[in-house]
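Participant: Output the structure for:
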Amino acid sequence: MSFSRLNLICLFLHISLTSEAQDVVITLTAKNFGAPVELDSILLENIDNGSHLMLNYLPPDFNSYDINLSHGTIINGLEESSTMDFGFYQYINKPGMLSFYAKFPQDRLLTLVHYDVTGKFLCEHLLISRPGVSLITYPIRGSFAGIVAVESQNYHQSFKVVGDGVADGPMIPFIESTFSNKNLMKNSIMLLSRNNAFIFFPGDSVRFTVYRADMYTQYEACRPYQGDSLILPVTGMCPGTPFLMDFDGNLYTTVQIGGQCWMRENMKSIHYSSGEPLVDGTGIGYLSSDDTTKYWFNLNDDSLNVAFYGHLYTEAAALNGTNRSGVEIVQGICPSGWHVPSDEEWKLLEIFLGMSQSQADGINEWRGSDEGGKLKETGITHWELPNLGATNESGFIALPGGARTHEGYWLSMPYRGYWWSATRFDSDNLFYYRGLGYEYSTIYRMVISISEGFSVRCLKN
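Facilitator: All right, here's what the predicted structure looks like:
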């Protein structure tokens, strides 16, 4: 039997040691707009000593995880199993995964053996078990039917396994057990996934990174102490549209915020989706009287800024010369199937993030409370200190791309970010825009001349 085949059948999680009084146990929860979500895996990295551990198999159907940092283990939801007799017990399974409880009375060296339905030996794996209840999980590739036997001195147990890792049905263990140890003792609850590669002492700094297939990776670094609760905001990509590409080949990721699907980066294209080019505004100077030429700009006339901040556009360029009221969808510079958001669509975003309708309707003022912070990228890699209230809870990753005035001056990097809307203000040659600032957690709404150079974020039709 090949080594790879053996791994496919025999891969499983090791069992942890029981917690001790000096152990540091914290609770980690990932939330998408306040709702806890189930994770695929959690990475622990000790920043002080460089040790790390990936917790690849998390208990199914849980969305809050108790982590014993002292032992590199997950302690989760096994309280209901404290009264189990010793042996194996069925757990909630998923397609392609066989999970079951294992409860043993004391430290043991176990031999776990797989046989096919004819009784032919397939493989075996040695397991050091610890006292208590553990959750053991096997990934199953394709159909599997056979016998799994666990053996040690004075102990034997076997069970039949049938199921299909591809079909919708879960793996189902049919248990048949025999015991020869007559002196079993009940022990306290504990959990799985022991790994000596992670070393932690109270006071160490740890980076926690959480993963889920349909969510963007998120991390947070801190000095965890006993009883701490850590909440990491995570955001999801738009269903069916995890990314899109513009005419120039620039790739953009997406984020679902409420009922809206937004791009996570500013536009970078210098062509419309039809292939029509825009006009390079480098060194063009004063533009106050020009409200029709479709200019794009590099922030500070520096092409190196495009990778982070995208291009700045005049309103004529952003909307491709369309002079609308904001009721109709305006594709403008956006890729096919996407459009420049209207003033009302910006309001929908702001209200979803917590702003009241009356606040959203405010103009020429910083509105709301923490909605701007939920849009801004965290930290000071791009934003100036203090980057007040920045949590990026929405996943929007707003950056301080600044602006170009119609006089030809560059403003506000790294202090401000400005974004066009597609809505005209009354009959004047003015359009609504949004602004975010390093010293505010709120959002600015105002109207301005169409000759200014602002960023563009696109919204899915």
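
Participant: Point me to the helix or strand that includes Gly362.
Facilitator: Counting by DSSP states H and E, there is no helix or strand that carries Gly362.

Participant: So it is in contact with Ile443, correct?
Facilitator: No: in this structure Gly362 lies outside contact range of Ile443 using CB atoms under 8 Å: 9.7 Å. The way it works is simple: take the backbone N, C-alpha and C, and place the C-beta from them, glycine included.

Participant: out of those two, which sits in the busier spot?
Facilitator: Remark: of Gly362 and Ile443, Ile443 carries more neighbours, 30 against 15, as counted by other CB atoms under 10 Å.

Participant: how close does that one sit to Gly437?
Facilitator: Distance, Ile443 to Gly437, using CB to CB, to the nearest Å: 9 Å.

Participant: intersection of neighbour lists for the two?
Facilitator: Residues within reach of Ile443 and of Gly437 at once, by CB atoms under 8 Å, 6 or more residues apart in numbering, are Trp366, Gly372.

Participant: bridging residues for His52?
Facilitator: Counting by DSSP bridges, His52 is bridged to Glu45.

Participant: In three-state terms, label Glu344 for me.
Facilitator: Under DSSP: H, G, I helix; E, B strand; the rest coil, Glu344 falls in the helix class.

Participant: Go ahead and confirm it touches Tyr432.
Facilitator: No: at 9.6 Å, Glu344 and Tyr432 do not qualify as touching, with contact defined as CB under 8 Å.

Participant: Looking only at neighbour counts, state which of those two leads.
Facilitator: The neighbour count for Glu344 versus Tyr432, taken as other CB under 10 Å, is higher for Tyr432 (21 against 14).

Participant: Look up phi and psi at that one.
Facilitator: phi -70, psi 150 (degrees, to the nearest 10).

Participant: who touches it in this structure?
Facilitator: By CB under 8 Å, 6+ apart, Tyr432 lies in contact with Gly326, Asp343, Trp346, Ser421, Thr423, Phe425, Arg445, Met446, Val447.

Participant: Report the two of those separated the most.
Facilitator: Gly326 and Met446 (14.9 Å; CB to CB).

Participant: So Phe243 sits against Tyr252, correct?
Facilitator: Yes: between Phe243 and Tyr252 a contact is recorded at 6.3 Å, counting by CB under 8 Å.

Participant: who's more crowded, these two?
Facilitator: Ranked by neighbour count (other CB under 10 Å), Phe243 and Tyr252 place Tyr252 first, with 22 against 12.

Participant: Which element, helix or strand, includes the more buried one?
Facilitator: strand 251-257.

Participant: For that strand, which strands pair with it and how are they oriented?
Facilitator: In the sheet, strand 251-257 lines up against strand 243-245 (antiparallel), strand 260-263 (antiparallel) (DSSP bridges).

Participant: ok, now which ones touch the residue nearest to Met215 when sequence neighbours are not counted?
Facilitator: Closest residue to Met215 apart from its sequence neighbours, by CB to CB, 6 or more residues apart in numbering: Val234 at 4.6 Å. Counting by CB under 8 Å, 6+ apart, Val234 makes contact with Ala30, Lys31, Asn32, Val37, Val210, Arg212, Met215, Tyr216, Gln218.

Participant: Determine which two of these are furthest apart.
Facilitator: Lys31 and Tyr216 (13.3 Å).

Participant: lowest-pLDDT helix or strand in the protein?
Facilitator: helix 3-10 (a mean of 36; mean pLDDT, DSSP states H and E).

Participant: So for the next helix or strand after that one, mean pLDDT?
Facilitator: For helix 3-10, the following helix or strand on the C-terminal side (DSSP H and E) is strand 25-32. On average, the pLDDT along strand 25-32 is 92.

Participant: Closest one of the contacts of Val234 to Leu287?
Facilitator: Closest to Leu287, out of all of the contacts of Val234 and judged by CB to CB, is Tyr216, at 37.6 Å.

Participant: For the spatially closest residue to the closest one that is not a sequence neighbour, give me its contacts.
Facilitator: Leaving aside its chain neighbours, Tyr216 sits nearest to Thr235 (5.5 Å; criterion: CB to CB, 6+ apart). Remark: with contacts taken as CB under 8 Å, 6+ apart, Thr235 is in contact with Asn32, Met215, Tyr216, Gln218, Val255, Gln256, Ile257, Glu393, Ser394, Gly395.

Participant: ok, now Gly227?
Facilitator: Val25, Ile26.

Participant: for it, helix, strand, or coil?
Facilitator: coil.

Participant: For it, grab phi and psi.
Facilitator: phi 90, psi 0.

Participant: The one 4 residues further on now?
Facilitator: The phi/psi pair for Ile231 (degrees, to the nearest 10) reads phi -120, psi 120.

Participant: From Tyr225, how far off is it?
Facilitator: Applying CB to CB to Ile231 and Tyr225 gives a distance of 16 Å.

Participant: go on, Val37?
Facilitator: 25 Å.

Participant: Looking at these two now, which is surrounded by more residues?
Facilitator: Neighbour count, other CB under 10 Å: between Val37 and Tyr225, Val37 has more, with 18 against 12.

Participant: averaged over its residues, what pLDDT does stretch 52-63 have?
Facilitator: Mean pLDDT, stretch 52-63: 80.

Participant: Of the strands paired with strand 251-257, flag the one that's most buried.
Facilitator: strand 260-263 (a mean of 22; mean count of other CB atoms under 10 Å).

Participant: Need the residues that contact it.
Facilitator: 238, 241, 244, 252-255, 338, 345, 348-349, 352, 396, 457-460.

Participant: by contact count, what packs against the following helix or strand past it?
Facilitator: Using DSSP H and E, the helix or strand that follows strand 260-263 towards the C-terminus is strand 279-280. Packing contacts for strand 279-280, counted by 3 or more CB pairs under 8 Å, 6 or more residues apart in numbering; DSSP states H and E, involve strand 295-297.

Participant: pLDDT averaged over the strand it packs on - what is it?
Facilitator: 96.
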